[in-house]
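Engineer: Predicted model and sequence follow; I will ask about them next.
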Amino acid sequence: MQLGKFSLGIGDRFSHQGVAQLRGVIKANNAGLEISPVWNKSNREHIYVHSHPADVRKEADAAVAALGYNGKYFVDADHINLTTVAPFVETADFFTLDVAAFIGKESPEDDVKAFVDSCSKYLGELNIPGIEHPIEVSEELLVKIAGKFLAATQQASDIYNFLKDKKGVGNFITEVSMDEVESPQTPVDLFFILKMLADKGVPAQTIAPKFTGRFNKGVDYVGDVEQFAKEFEEDVLVIDYAVKEFGLPEELKLSVHSGSDKFTIYPIMANIIKKYDKGLHVKTAGTTWLEEVIGLAVAGGEALEAAKTIYTNALGRKDELCAPYADVIDIDTAKLPTPEEVASWSSEKFANTLRHIPGHPDYNPNFRQLIHVGYKVASEMGSGYTDLLKKYSDVIGTCVEENIYDRHLKRLFNL
Ligand SMILES: [Zn+2]
């Protein structure tokens, strides 16, 4: 099973927007791009919205059937580990093995020694084609890298072997993710991580490192753009070299867990993958949910009232809702509007405040981030929320499709 050159991870908290999301992807394919949709949902999300991994498969299959789509598509068990993977086994065909928690865990001394010995040919100056400066590789550096990543890659191998037994070789896509950590992995880290994965027989098709900068949920990139560009380009070159050097799958590519809406760096990534003719997987976050709230606001009347209620309730429970996302949101409380202010807003004002149009005078990233983490509020509304999704599906669907195509895919692939 092969993922293909370009793929887009899309999330859908309440499983009502599969068709609209796929319409956005098809629009890009009609514009000349060949990109596969990957519906992803993590265990954490399933717990919050009381959904089951099988629901994602149902949604994906139904969307594909409804639109007569005949391209490839996948269902991603996002950020799973050995304890959470079981319920995803049957219905997912893409598994994101999250091994971040094992970074820095101790490995048996013999394993560290065996790894360091196996790298002897890289000691001294390591030249990676395309990267200007050679990398100085010492035994000390190798020991340090082993101390950081050997246990994590072993964990990836354990999860992969579990899945291989259950699903059979070649019947699923393997992604290895290390993005949910504080400090970014450097290109040299990545090179040796890929060696470890190859040594352990993990046929990763995508790898998700932590990049420099902040990837907050649903808002733009914050960080050193030049440094990001340099790192991203070097990672692309490292992967190209590692595939040849270690015999990893030809199609191995970077997976960017974007947290959505990294509009500043989309064109940078686009230029680099074009320059080297490489593939890319970009995971968006659950911002489709934000398009639902925008759609409700646009619809007006009771739907606008519901959108306002969601904000007011989320504001009242801000600390609780933000806690699980503390590392990936930055909300300036002083810039959040009061419920009284919001109560007086028109459809247009609410939608423009929430919708991510950089430079729009009404756009408020603090408001947007709070609603982003507020999906638990909507989930608790039960059918009071999902009935509105059904009733206003046309206007919401238009928002969802436009978001995927116009704001994401067009920017990501220069369409
Ligand atoms: Zn991630």
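Structural biologist: That came through, no problem.
Engineer: which residues does the closest residue in space to Val64 that isn't next to it in sequence contact?
Structural biologist: Of all residues beyond its chain neighbours, the one nearest Val64 is Tyr73 (5.9 Å), with distances taken as C-beta to C-beta, 6 or more residues apart in numbering. In short, each C-beta sits where N, CA and C put it, glycine included. The neighbours of Tyr73, taking C-beta atoms under 8 Å, 6 or more residues apart in numbering as the test, are 22, 36-39, 60, 64.
Engineer: How about Ile239?
Structural biologist: Taking C-beta under 8 Å, 6+ apart as the test, what Ile239 contacts is 190, 194, 207, 252-254, 278.
Engineer: still on that earlier bit, which among the contacts of Tyr73 gets closest to the ion?
Structural biologist: Sorting the contacts of Tyr73 by how near they are to the ion, with C-beta to the ion, puts Val38 at the top with 13.1 Å.
Engineer: Would you confirm that that closest one contacts Thr284?
Structural biologist: No. Counting by C-beta atoms under 8 Å, Thr284 is not a contact partner of Val38; they are 10.1 Å apart.
Engineer: More neighbours: those two, which one.
Structural biologist: Val38 (29 against 25; other C-beta atoms under 10 Å).
Engineer: Glu175 and the ion, how far apart?
Structural biologist: Distance check for Glu175 against the ion: by C-beta to the ion, to the nearest Å, it reads 10 Å.
Engineer: So what's the residue count around that residue?
Structural biologist: Using other C-beta under 10 Å as the criterion, Glu175 is surrounded by 28 other residues.
Engineer: Okay, and it sits in which element?
Structural biologist: Element membership for Glu175 (DSSP states H and E) is strand 173-177.
Engineer: ok, back up a step: as CSV, the contacts of Tyr73 with distance to the ion, secondary structure and pLDDT would be great.
Structural biologist: Putting those into CSV (distance: C-beta to the ion, whole Å; DSSP: H, G, I helix; E, B strand; the rest coil; pLDDT from 0 to 100) gives the following:
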residue, distance to the ion, secondary structure, pLDDT
Leu22, 22, helix, 98
Ser36, 19, strand, 98
Pro37, 18, strand, 98
Val38, 13, strand, 98
Trp39, 15, strand, 98
Ala60, 20, helix, 98
Val64, 25, helix, 98
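Engineer: In a markdown table, list those residues along with distance to Ile294.
Structural biologist: Rendered in a markdown table, the data for these read as follows (distance: C-beta to C-beta, whole Å):
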| residue | distance to Ile294 |
| --- | --- |
| Leu22 | 19 |
| Ser36 | 26 |
| Pro37 | 21 |
| Val38 | 23 |
| Trp39 | 21 |
| Ala60 | 23 |
| Val64 | 25 |
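Engineer: And the ion, is stretch 71-83 touching that?
Structural biologist: No. Counting by C-beta under 5 Å from the ion, no contacts exist between stretch 71-83 and the ion, the nearest distance being 5.8 Å.
Engineer: Straight-line length of that stretch, end to end?
Structural biologist: As for stretch 71-83, its first-to-last residue distance stands at 32 Å under the measure C-alpha to C-alpha, to the nearest Å.
Engineer: ok, back up a step: overlap in contacts of Val38 and Thr284?
Structural biologist: Shared contacts of Val38 and Thr284, counting by C-beta under 8 Å, 6+ apart, come down to 8-10.
Engineer: thinking again about what came up before, distance check, the residue nearest to Val64 against the ion.
Structural biologist: The gap separating Tyr73 from the ion is 20 Å, by C-beta to the ion.
Engineer: Contact partners for Ala306?
Structural biologist: 296, 381, 384-385, 388.
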